[in-house]
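>>> Just need the structure, nothing else, for what follows:
(2 chains)
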Number of protein chains: 2
Amino acid sequence: MKFARFRAEGATSYGIVEGDRITKVTGSLFRNPTRTSKRYKISEVKLLPPVMPRQAWCPGLNFASHLHMSSTVAGHAALPKYPQPWHKGVNSLIGPGDFISIPAESKSGPHYEGELVAVIGKTCKRVSPEEARGSIFGYTCGNDVSEREWQKGDSSLWRAKGADTFCPIGPWIETKLASSGVDMVVRLNNREVQRANTREMIFDFGTIISYISQFATLRPGDIVFSGTTGDTSSMKPGDVVEVEIEGIGVLRNPVKAEA
Amino acid sequence: MKFARFRAEGATSYGIVEGDRITKVTGSLFRNPTRTSKRYKISEVKLLPPVMPRQAWCPGLNFASHLHMSSTVAGHAALPKYPQPWHKGVNSLIGPGDFISIPAESKSGPHYEGELVAVIGKTCKRVSPEEARGSIFGYTCGNDVSEREWQKGDSSLWRAKGADTFCPIGPWIETKLASSGVDMVVRLNNREVQRANTREMIFDFGTIISYISQFATLRPGDIVFSGTTGDTSSMKPGDVVEVEIEGIGVLRNPVKAEA
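Numbering: from 1, shown residues only, chains lettered A, B, ... in the order given. The predicted model follows:
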């Protein structure tokens, strides 16, 4: 089932997406979403980030194919022995269709990173990988936008990956996805620039979430990225970037220079 | 004026602290806090973290006196040319009197770091240092609890400084503090173990907040730490750690082993 968050008639709601329609639901998304009789055409509503996480977690290097890019940025190239999570600033969250805004300080433009994103549905503390898998509410598409020069020069990723608008997610949460063996594709101006499959993840979502939960409590609505793959390239004003994930849909964002 | 967040009679409220009493307020803390006729003895209420930030920012190395400790942990010892902020996980937030809980995986015990903490009162985006100073609602005491082995071994600070209970703040927000020239003292089991003055900050709060705001929007309630000073030492179960800041008060937390 596909759950979207949207704005229509001056109100923000969750809804179930079926074809080109969205049916408004009431109740808690994670406990008891309940259909109402209110339906809209998707084209008539403004889709929002499908969840407003308290925290957004990324796993660090999680695909062997990203080793080369990672080594040019971080100056080392070893596969991690355990997950190396970090916080992506929630200030950077935007939804489908929203602009990725490039600050003037970014000389070469940030890179796309197309990723699968797990949405936590239950509180996780000291859970096993198996329990962690059962705590995932669903999945959405994410773009871990990354400014490589800042990533190289700063001592944390706060700005390189957490500048405003650097965290597009959406267009909705798919609750029925089996997260292994899923194709993730990125297109820049309709040209395919990234393709990978989640079976190549070094640590699967259950392992990442379980590991984080040994130290930090995850809450319903928190999001966890898959990590990215291969080499990436920069985006410039006027570009349109799409992250398409098999079984979910397409997250599309235009790119502009910050006003 | 001192604003505390507290729990009494089954409800969570803000209140104004005067002597040993707290007067409940209604309205938005940042816009229009309004006194009610409801008063409690402070000893009769449960003080909570004085704010629930969307994000908690720390400035990286911000006192020359912390260079030695920083170099033993991070392996380098250069004063930063601009602030190096990072995200302290908001999952780690606790209030005055709450236990700092040491996970079994911490072999040598986390260190205290007594710091002054600014609470943002107005949205900040691309603000000047002067505007940033005007956007600070008030200040509280904070303990940037830090597990040095994880800090050395991990590629981010997510766990070393963001494990659950590693972010005590409180006991309340002082809105009348001039943040320069303020003494910050840490006592471990009544013995003074850290003493510094905010005039030694490499970047003042206005500079740090302005710099963050060039890239990331800060919101009312977000908190910004001063950075810590000197050398620090580890805490063990049974300890009591106090951060006392001139003009604010004492943040006291007992320490235990995680159950």
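
>>> CA only for contacts and neighbour counts going forward, please
Fine.

>>> Thought residue A:57 was touching residue A:88, still the case?
Yes. Residue A:88 is within contact range of residue A:57, at 6.0 Å (criterion: CA atoms under 8 Å).

>>> which neighbours do these two share?
Residues touching both residue A:88 and residue A:57 by CA atoms under 8 Å, 6 or more residues apart in numbering or on different chains: none at all.

>>> Specify the local secondary structure of residue A:16.
strand (DSSP: H, G, I helix; E, B strand; the rest coil).

>>> confidence score at the nearest residue to residue A:58 once chain neighbours are set aside?
Of all residues not flanking residue A:58 in the chain, residue A:225 sits nearest, at 4.9 Å (CA to CA, 6 or more residues apart in numbering or on different chains). On pLDDT, residue A:225 comes in at 98.

>>> Repeat that for residue A:123.
98.

>>> Now the phi/psi pair for the nearest residue to it once chain neighbours are set aside, please.
Spatial nearest neighbour of residue A:123, chain neighbours left out: residue A:219 (4.5 Å); criterion: CA to CA, 6+ apart. Torsion angles at residue A:219 (phi, psi; degrees, to the nearest 10) stand at phi -120, psi 160.

>>> From residue B:169, how far off is residue A:219?
21 Å (CA to CA, to the nearest Å).

>>> starting at the chain centroid, how far to stretch A:250-259?
15 Å (CA atoms, centre = their mean, to the nearest Å).

>>> So that stretch, near chain B or not?
No. Stretch A:250-259 is not in contact with chain B by CA under 8 Å from any CA of the partner chain; minimum separation 10.5 Å.

>>> If you count neighbours, what's buried in that stretch?
A:250-256 (16 or more other CA atoms under 10 Å in any protein chain shown).

>>> same check, this time on stretch A:50-58
For stretch A:50-58, the neighbour count (16+ other CA under 10 Å) marks A:50-51, A:53-58 as buried.

>>> and the host helix or strand of residue A:252, what other elements does it pack with?
Taking DSSP states H and E as the definition, one finds residue A:252 inside strand A:249-257. Strand A:249-257 is packed against strand A:100-102, strand A:136-143, strand A:167-174, strand A:240-245, with contacts defined by 3 or more CA pairs under 8 Å, 6 or more residues apart in numbering or on different chains; DSSP states H and E.

>>> So what are the sheet partners of it and their directions?
Applying DSSP bridges to the sheet, strand A:249-257 is found paired with strand A:100-102 (parallel), strand A:240-245 (antiparallel).

>>> Which residues of chain A lie near chain B?
Residues of chain A found near chain B (CA under 8 Å from any CA) are A:54-55, A:84-87, A:89-92, A:103, A:154-159, A:162-164, A:215-218.

>>> Can you tell me which of the residues you listed are buried?
Buried among these by 16+ other CA under 10 Å: A:54-55, A:84-87, A:89-92, A:103, A:154, A:156-159, A:162-164, A:215-218.

>>> In strands, which of these appear?
Per DSSP state E, strands hold the following members of those: A:86-87.

>>> where does residue A:69 land in three-state SS?
With three-state DSSP as the criterion, residue A:69 reads helix.

>>> Tell me which other helices or strands the helix or strand of chain A with the lowest mean pLDDT touches.
Within chain A, judged by mean pLDDT, DSSP states H and E, the helix or strand with the poorest mean is helix A:67-74; its value is a mean of 76. Packed against helix A:67-74 by the contact rule (3+ CA pairs under 8 Å, 6+ apart) you find helix A:148-153.

>>> what about the helix it packs on, distance to the chain center?
Distance, centroid of helix A:148-153 to centroid of chain: 21 Å (CA atoms, centre = their mean).

>>> could I have that helix exported to PDB, CA atoms only?
Provided in PDB are the C-alpha atoms of helix A:148-153 (Å, rounded to 0.1, in the frame of the first residue of the first chain):
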ATOM      1  CA  ARG A 148      31.900  16.800  -2.500                       C
ATOM      2  CA  GLU A 149      34.200  19.800  -1.800                       C
ATOM      3  CA  TRP A 150      32.600  20.400   1.600                       C
ATOM      4  CA  GLN A 151      32.600  16.700   2.300                       C
ATOM      5  CA  LYS A 152      36.400  16.700   1.700                       C
ATOM      6  CA  GLY A 153      37.100  19.900   3.700                       C
END
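
>>> which of the residues in that helix are buried?
A:148, A:150-152.

>>> Looking at these, which is nearest chain B?
Nearest to chain B among the buried residues of helix A:148-153 is residue A:150, at 10.9 Å by CA to the nearest CA.

>>> Which of the three states applies to the closest residue to residue A:50 other than its chain neighbours?
Leaving aside its sequence neighbours, residue A:50 sits nearest to residue A:5 (CA to CA, 6+ apart; 4.8 Å). With three-state DSSP as the basis, residue A:5 sits in strand.

>>> Does residue A:5 have any beta-bridge partners, and if so which?
Going by DSSP bridges, residue A:5 forms beta bridges with residue A:14, residue A:48.

>>> if we can go back for a sec, inside helices: which ones of the buried ones among the residues of chain A next to chain B?
Judged by DSSP state H, helices contain none of those.

>>> and stretch A:100-111, C-alpha only, in CSV?
Extracted C-alpha coordinates of stretch A:100-111, given in CSV (Å, rounded to 0.1, in the frame of the first residue of the first chain):
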residue,chain,number,x,y,z
ILE,A,100,17.1,21.3,-4.7
SER,A,101,18.6,24.8,-4.1
ILE,A,102,22.4,25.2,-4.7
PRO,A,103,24.0,27.7,-2.4
ALA,A,104,26.4,30.2,-4.0
GLU,A,105,29.2,28.8,-1.9
SER,A,106,29.0,25.5,-3.8
LYS,A,107,31.5,26.0,-6.6
SER,A,108,31.1,22.8,-8.5
GLY,A,109,27.5,21.8,-7.6
PRO,A,110,26.3,19.0,-5.3
HIS,A,111,26.1,15.4,-6.5
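
>>> What about the residue nearest to residue A:123, how many residues nearby?
Under the neighbour criterion other CA atoms under 10 Å in any protein chain shown, residue A:219 is assigned a count of 20.

>>> pretty sure it contacts residue A:119?
No. Contact criterion CA under 8 Å: residue A:219 and residue A:119 do not qualify, at 9.6 Å.

>>> Backbone torsions only: list them for residue A:135.
For residue A:135, the backbone dihedrals are phi -90, psi 0 (criterion: degrees, to the nearest 10).

>>> now the one helix or strand residue A:23 maps to: mean pLDDT?
Element membership for residue A:23, per DSSP H and E: strand A:21-26. Regarding strand A:21-26, the rounded mean pLDDT is 98.

>>> what does it contact?
A:13-17, A:33-42.

>>> The same query, at a cut-off of 10 Å, please.
Residues outside strand A:21-26 that contact it (CA atoms under 10 Å, 6 or more residues apart in numbering or on different chains): A:2-6, A:12-17, A:32-45.

>>> quick one: strands adjacent to it?
Strand A:21-26 is paired, per DSSP bridges, with strand A:11-18 (antiparallel), strand A:34-41 (antiparallel).

>>> Indicate which one of those strands is closest to residue B:69.
Minimum separation from residue B:69 across the strands paired with strand A:21-26 (CA to CA) falls at strand A:11-18, 48.5 Å.

>>> Return the set of buried residues in the closest one.
A:13-17.

>>> Just the angle for it relative to strand A:167-174, thanks.
Calculated by axes from the mean of the first three to the mean of the last three CA atoms, to 10 degrees, strand A:11-18 forms an angle of 50 degrees with strand A:167-174.

>>> how distant is strand A:11-18 from the center of its chain?
19 Å.

>>> Low-confidence regions, chain A specifically.
Chain A contains residues with pLDDT under 70 at A:75-77.

>>> domain assignment for it?
As assigned by automatic domain parsing, chain A contains the domains A:1-48, A:49-257.

>>> Name the stretch among those that sits most buried.
Among the domains of chain A, ranked by average contacts under mean count of other CA atoms under 10 Å in any protein chain shown, first place goes to domain A:49-257 (a mean of 21).

>>> Lovely, talk soon.
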